[in-house]
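Peer 1: output the structure for:
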Amino acid sequence: MHENNVNISGDGEKTIKQSENEIFAHVSRTLASRYEVIYYVDVNTSEYRIYSASDEYSNLGTQAEGSDFFADAVRDINTLIHPEDREMVISALDKENLIKTIDRDGTFELSYRQILEGRQQYVSILIMYATGDHSHLVIGVSNADVQVRHQQELESKNRTFNEIATALASKYEVIYTVNTETGEYNEYSTSENFRWSESGYSGTDFFSDTERNIKTSVYPEDYPMVADVMTKESLLKKLNAFGKFTMSYRLVIEGEPSYVSLYAVKPSPESENIIIAVANVDDTKKVMYDVTHDMQTGIYTREYLYSKIAEMFRNNPDTEYYICYVDVMNFKVVNDIFGTEFGNYAIKHIADWFRENLSHRCCYGRLLGINFGICMPKDEFDLQKFEDRLSKFILKNEKAEYHILVHVGVYEADPETTPIPIMFDRANLSLSTINDEYKTHIAFYNDKLREQILWDQEITAQLRKAVEEMQLKPYLQPIADKEGKVVGAEALARWEHPKYGFLAPYKFIPTFEKNGMIVEVDRHMWECSCRLLAKWKEKNPDLFISVNISPKNFYFFDVVSEIKKLVEKYGINPANLRIEITETVMMNDAENRMQILENFRSAGFIVEMDDFGSGYSSLNMLKQMPVDVLKIDMKFLGSSDDSDKANIIVRNVISLTRELGITSLTEGVETQNQYNTLNDMGCILFQGYYFAKPMPVEEFEKFAGLTE
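Peer 2: Residues are numbered from 1 along each chain as shown. I've put the predicted structure just below:
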């Protein structure tokens, strides 16, 4: 955007900044009790701030604020996260995929291991939009180990009278604090049903008031027992002997008997004070159900599911289990087409499906949003039966009928070595292996996937060193004109690994595309190419290098500004560093991407569109995209050199580019016949094994006549 289109005064900027500070402070205060670290991230710019409520996290050396959360996250993950979990976390924090997930599910949550103060600790991360604001993400990081230690510290401190009373208040409806020497007491009640004491909230003689009140409040059959226990002599005898005492009996509440539980405790042997707490067992059961069961579906909540699965593992050590991660792939479509009411019905229907199709030996619950979890004995898992049922998962009511696309990732449980949240994460990871989402509904986490994850983690951890030591380097594939003269080259990343030798691109490029590290690879290739062009400009000032720009780059930084700085740094002509993009760049935010390409051209760069014809390229795209060079893939001609239809199409595409003022470049040229045919059609530039394969820089320099 040009500066003269922006009209924000200094006061306006100050007001916006102040507003953002207030929002950030509010978010931080709200979440501080639950999370050690809160990130507040601008979705559009990736700028962020950190609020840390934990000394452990404050001392890690991470930035308190920054201009690029996602790039900084990759850096910190490679330093702070357990090596086995790095790839998973980097993949999860890929900006494009993360935004899609949150748009679809509302929230995203992940468990992983982090190295804090030299110790391995389990961490959970929750990501959501700020309330009513889809331009900011709120990210909370909670450390389960820290919380456990905090709880232990509280328990060790909660030995004073008032602290124990406070701790009991969350569980009991009424609490009495009683001075046994004077008889004075205070009553604290959180329930209208238990405000039956005529003495109100305080009194001067607890035992006399209790003797009077229980005559009318305790169920007649239980009165003799309660009257005997609640005398001062009897109760203090029990407390002096054991420190605490419990008893169950019935109270008459609203004319009906209700079971209650009484708990009495003496904080220390020398204490004059005691605490007596009473809870309605019937109400407690209801509260327990509300806490452990999902409100919408009635099945277990995630936390309670984890605890029940752990219980299953303990009680059945000889039984082998599968952990299943269930994901509804087309839920957003269901919501968009039929509305949220039908979407809510779909979620309940899935829970009912579990009840109807899973036995009592299985355990299931709702993990988050439209994701569910199942723990199932292996001997009950019938792959074909479940595939058949999932393929026919039709949802219908009086208003609509729709096929729900359910995918299930399966992990073979290993409770001795892997925490339950990590098992579910791995089951979820297996879903990425499903290629045909309509034919295949179930995927298994296996050794091959595990090996791929370990490989991904290994090469990701080594990338920085590979760049610094020039293990990762450009190989150049020559580009020739109609006379066969070398006029340029495409820079292609190759890795000469000290342990594994020469790594083909398919061994590392897909990994870095997936986890976002392709951004670092591209940056390295850009700088290497600029350095070469600066070296060559005296001998051949017209020679160009085409560099690739992955779609991921557009999410991390201002690509145009970044490349312009490199061109200025090395003092080269922008036209000599050609910008190569693929049609996939335009699949998200096409209007903004087109503006970026226009900015490149305005700065003097030549823009090339790669792989035209290999995907879903259209003439409409050709009309709209601001490109200077169209790279036509030879795959478009098919396997036969004389395919009449393909030849007609290619001839007309070349003719069309000429009329549009676009240069045609055919890549993948492998034979003399192909070269002659394309030359006759009017193609301008050529690239492929017919001329030369990608080669090291020194070899290219000889090939292009730059050196002897």
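
Peer 1: let's check: the centremost residue of this protein is which one?
Peer 2: The centroid of the chain falls nearest to residue 92 when counting by Cα atoms, centre = their mean (3.7 Å).

Peer 1: residues contacting the nearest residue to that one once chain neighbours are set aside?
Peer 2: In this structure, residue 92 finds its nearest non-sequential neighbour in residue 110, 5.2 Å apart by Cβ to Cβ, 6 or more residues apart in numbering. To be clear about C-beta, it is placed using only N, CA and C from the backbone, and glycine gets the same treatment. By Cβ atoms under 8 Å, 6 or more residues apart in numbering, residue 110 lies in contact with 88-89, 92, 124-125, 425.

Peer 1: just to be sure, which of those are found in helices?
Peer 2: Taking DSSP state H as the definition of helices, the contacts of residue 110 contribute 88-89, 92, 425.

Peer 1: ChimeraX command to pick out the buried ones of these?
Peer 2: Selection of buried members from the ones in helices among the contacts of residue 110 for ChimeraX, criterion 16 or more other Cβ atoms under 10 Å:
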select :88,89,92,425
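
Peer 1: most widely separated two among the ones in helices among the contacts of residue 110?
Peer 2: Spanning the widest gap among the ones in helices among the contacts of residue 110 are 89 and 425, at 9.8 Å by Cβ to Cβ.

Peer 1: what residues are shared contacts of those two?
Peer 2: Contact criterion Cβ under 8 Å, 6+ apart; residues shared by residue 89 and residue 425: 110, 112.

Peer 1: the residue nearest to residue 92 in helix, strand or coil?
Peer 2: What DSSP: H, G, I helix; E, B strand; the rest coil gives for residue 110 is strand.

Peer 1: pLDDT at it, what is it?
Peer 2: For residue 110, the pLDDT comes out at 79.

Peer 1: please tell me how far it sits from residue 521.
Peer 2: 25 Å (Cβ to Cβ, to the nearest Å).

Peer 1: and if you look at residue 81?
Peer 2: In this view, residue 81 and residue 521 are 20 Å apart by Cβ to Cβ.

Peer 1: got it, and residue 276?
Peer 2: 68 Å.

Peer 1: residue 353 now?
Peer 2: Distance from residue 353 to residue 521, by Cβ to Cβ: 44 Å.

Peer 1: and the two? Which one has more around it.
Peer 2: Of the pair residue 353 and residue 521, residue 521 is the one with more neighbours under other Cβ atoms under 10 Å, namely 22 against 18.

Peer 1: wait, doesn't the more buried one sit right on residue 463?
Peer 2: Yes. With contact defined as Cβ atoms under 8 Å, residue 521 reaches residue 463; the gap is 7.5 Å.

Peer 1: between those two, which contacts overlap?
Peer 2: Residues touching both residue 521 and residue 463 (Cβ under 8 Å, 6+ apart): 472, 512.

Peer 1: who touches the closest residue to residue 181 other than its chain neighbours in this structure?
Peer 2: Spatial nearest neighbour of residue 181, chain neighbours left out: residue 272 (4.9 Å); criterion: Cβ to Cβ, 6+ apart. Contacts for residue 272 were tallied using Cβ under 8 Å, 6+ apart; they are 179-181.

Peer 1: the same query, at a cut-off of 10 Å, please.
Peer 2: By Cβ atoms under 10 Å, 6 or more residues apart in numbering, residue 272 lies in contact with 161, 178-182, 266.

Peer 1: would you map out the domains in this protein?
Peer 2: 3-145, 158-287, 296-445, 453-703 (automatic domain parsing).

Peer 1: before we move on, back to that, kindly supply the PyMOL command isolating those of the contacts of residue 272 that are buried.
Peer 2: Listed next is the PyMOL selection for buried residues among those, using 16+ other Cβ under 10 Å:
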select buried, resi 161+178+179+180+266
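
Peer 1: would you agree residue 307 is in contact with residue 292?
Peer 2: Yes. Taking contacts as Cβ atoms under 10 Å, residue 307 lies within contact range of residue 292: 8.5 Å.

Peer 1: find residues that contact each of these two.
Peer 2: With Cβ under 10 Å, 6+ apart as the test, residue 307 and residue 292 both reach 300-301.

Peer 1: mind listing the helices for the stretch 151-300 of the chain?
Peer 2: Ranges of helices in the stretch 151-300 of the chain, per DSSP state H, counting those that start in this stretch, are 161-169, 206-217, 223-229, 232-242, 281-292.

Peer 1: which residues touch the second one?
Peer 2: If I follow you right, that is helix 206-217. Residues from elsewhere that reach helix 206-217 (Cβ under 10 Å, 6+ apart): 176-180, 182-187, 194, 196-200, 203, 205, 222-223, 226-227, 230-233, 235-236, 249, 251-253, 274, 276.

Peer 1: distance between stretch 577-596 and the chain's centre?
Peer 2: Remark: stretch 577-596 is offset 25 Å from the chain centroid, using Cα atoms, centre = their mean, to the nearest Å.

Peer 1: could you tell me the end-to-end distance of it?
Peer 2: 16 Å (Cα to Cα, to the nearest Å).

Peer 1: where does the prediction get shaky in the stretch 101-250 of the chain?
Peer 2: Applying pLDDT under 70 to the stretch 101-250 of the chain flags the ranges 105, 116-119, 131-132, 143-171, 189-201.

Peer 1: again, only using 90
Peer 2: 101-177, 186-203, 213, 215-226, 228-229, 234, 237-250 (pLDDT under 90).

Peer 1: next one: the stretch 301-450 of the chain
Peer 2: Applying pLDDT under 90 to the stretch 301-450 of the chain picks out residues 301-304, 327-360, 368-370, 382-407, 417, 425, 428-443, 446-450.

Peer 1: can you map out the strands along it?
Peer 2: Taking DSSP state E, counting those that start in this stretch, the strands of the stretch 301-450 of the chain run over residues 321-328, 363-368, 371-377, 394-396, 401-403, 406-412, 442-444.

Peer 1: output the contacting helices and strands for the second one.
Peer 2: Counting contacts by 3 or more Cβ pairs under 10 Å, 6 or more residues apart in numbering; DSSP states H and E, strand 363-368 is packed against strand 107-116, helix 302-315, strand 321-328, helix 340-357, strand 371-377, helix 420-429.

Peer 1: want to throw those into CSV with distance to residue 499?
Peer 2: Formatted as CSV, these follow (distance: least, Cβ to Cβ, whole Å):
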stretch, distance to residue 499
strand 107-116, 24
helix 302-315, 38
strand 321-328, 34
helix 340-357, 47
strand 371-377, 38
helix 420-429, 26
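
Peer 1: please identify which of those is closest to residue 561.
Peer 2: Residue 561 lies closest to strand 107-116 among the helices and strands packed on strand 363-368, at 30.0 Å (Cβ to Cβ).

Peer 1: got the CA coordinates for the closest one in PDB?
Peer 2: What follows is strand 107-116, C-alpha atoms only, in PDB (Å, rounded to 0.1, in the frame of the first residue of the first chain):
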ATOM      1  CA  THR A 107      -9.700 -23.500  18.900                       C
ATOM      2  CA  PHE A 108      -6.600 -25.600  18.600                       C
ATOM      3  CA  GLU A 109      -4.800 -27.600  21.400                       C
ATOM      4  CA  LEU A 110      -1.600 -29.700  21.500                       C
ATOM      5  CA  SER A 111       0.500 -31.400  24.100                       C
ATOM      6  CA  TYR A 112       4.200 -31.800  23.800                       C
ATOM      7  CA  ARG A 113       7.500 -31.900  25.700                       C
ATOM      8  CA  GLN A 114       9.600 -28.900  26.500                       C
ATOM      9  CA  ILE A 115      13.100 -28.600  28.100                       C
ATOM     10  CA  LEU A 116      12.900 -26.200  31.000                       C
END
